[in-house]
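Novice: Sequence isn't available, so here's the structure alone:
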């Protein structure tokens, strides 16, 4: 299981307010700086979802273009650009999987979780943060079925009905796994994600 994109969603650079303001003024250097800060993270998340380096590279470009075109409506006082950027990346990847071109790639086994070795150092740095360790610990405490439904929802955007079909389980069972997993994560993490 690759937890990195989930961990990255809570581990962002503290103050991107100045960067967002520069992007809103259409400073191209600000976009380059945003890419330098988050490009590898966005690529890692998209690659985890689509499992194809060429497609991931294209979707990274689309993600940063979409953020550049929509940054005017972003309020940096209400949150960091990192989680928003990662949400846009995840949505672009899932949209690709749902499109006609992505359906064939979506048939790859879920357990396939290889990722490029070049992210090993980044992964180690992220896992050193206290919040990331708490999230990793909370996710590891979930049962394998609970972890799988959380991953299917996050990485592939599957509905509970689609999860039930994919896993060959009754819908009620999958709903229970999702509900229990979310409750356990909420109970375990509490202030970890809000601090």
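Specialist: In hand now; what should we look at? The model shown is predicted, which means the values in this text are computed figures rather than measured ones.
Novice: these two touch, right, residue 68 and residue 24?
Specialist: No: Residue 68 is beyond contact range of residue 24, at 10.2 Å (criterion: Cβ atoms under 8 Å). Yep, even glycine has a C-beta here, placed from its N, CA and C like the rest.
Novice: Could you list the low-confidence segments of this structure?
Specialist: For the chain, residues meeting the criterion pLDDT under 70 lie at 1-15, 100-132, 191-195.
Novice: mind listing the helices for it?
Specialist: Secondary structure of the chain by DSSP state H: the helices cover 4-10, 17-24, 28-50, 53-70, 81-98, 103-106, 120-127, 130-140, 144-156, 160-167, 171-189.
Novice: What count of nearby residues applies to residue 67?
Specialist: Residue 67 has 21 neighbours, counted by other Cβ atoms under 10 Å.
Novice: Next: residue 71.
Specialist: 23.
Novice: how much space is there between residue 139 and residue 94?
Specialist: Remark: distance between residue 139 and residue 94 (Cβ to Cβ, to the nearest Å) = 20 Å.
Novice: correction: residue 52
Specialist: 14 Å.
Novice: what about these two, which has more around it?
Specialist: Taking other Cβ under 10 Å, residue 52 and residue 94 do not tie; residue 94 has more neighbours (20 against 17).
Novice: Give me the distance between residue 181 and residue 30.
Specialist: For residue 181, the distance to residue 30 (Cβ to Cβ) stands at 38 Å.
Novice: ditto for residue 179
Specialist: Noted for residue 179: a distance of 42 Å to residue 30, by Cβ to Cβ.
Novice: Looking at these two, which one has more neighbours?
Specialist: With neighbours defined as other Cβ under 10 Å, residue 179 and residue 30 compare such that residue 30 has more, 20 against 13.
Novice: Return the residues in contact with that one.
Specialist: Neighbouring residues of residue 30 by Cβ atoms under 8 Å, 6 or more residues apart in numbering: 19, 22, 23.
Novice: Apart from its neighbours in sequence, what residue is nearest the second one?
Specialist: With Cβ to Cβ, 6 or more residues apart in numbering as the measure, residue 30 is the residue that lies nearest to residue 22, at 3.6 Å, once sequence neighbours are left out.
Novice: now swap in the first one and tell me
Specialist: Closest residue to residue 19 in three dimensions, ignoring its sequence neighbours and counting by Cβ to Cβ, 6+ apart: residue 30, at 5.6 Å.
Novice: how near is the one you found to residue 48?
Specialist: In this structure, residue 30 and residue 48 are 27 Å apart, going by Cβ to Cβ.
Novice: next one: residue 40
Specialist: Using Cβ to Cβ, residue 40 is found at 13 Å from residue 48.
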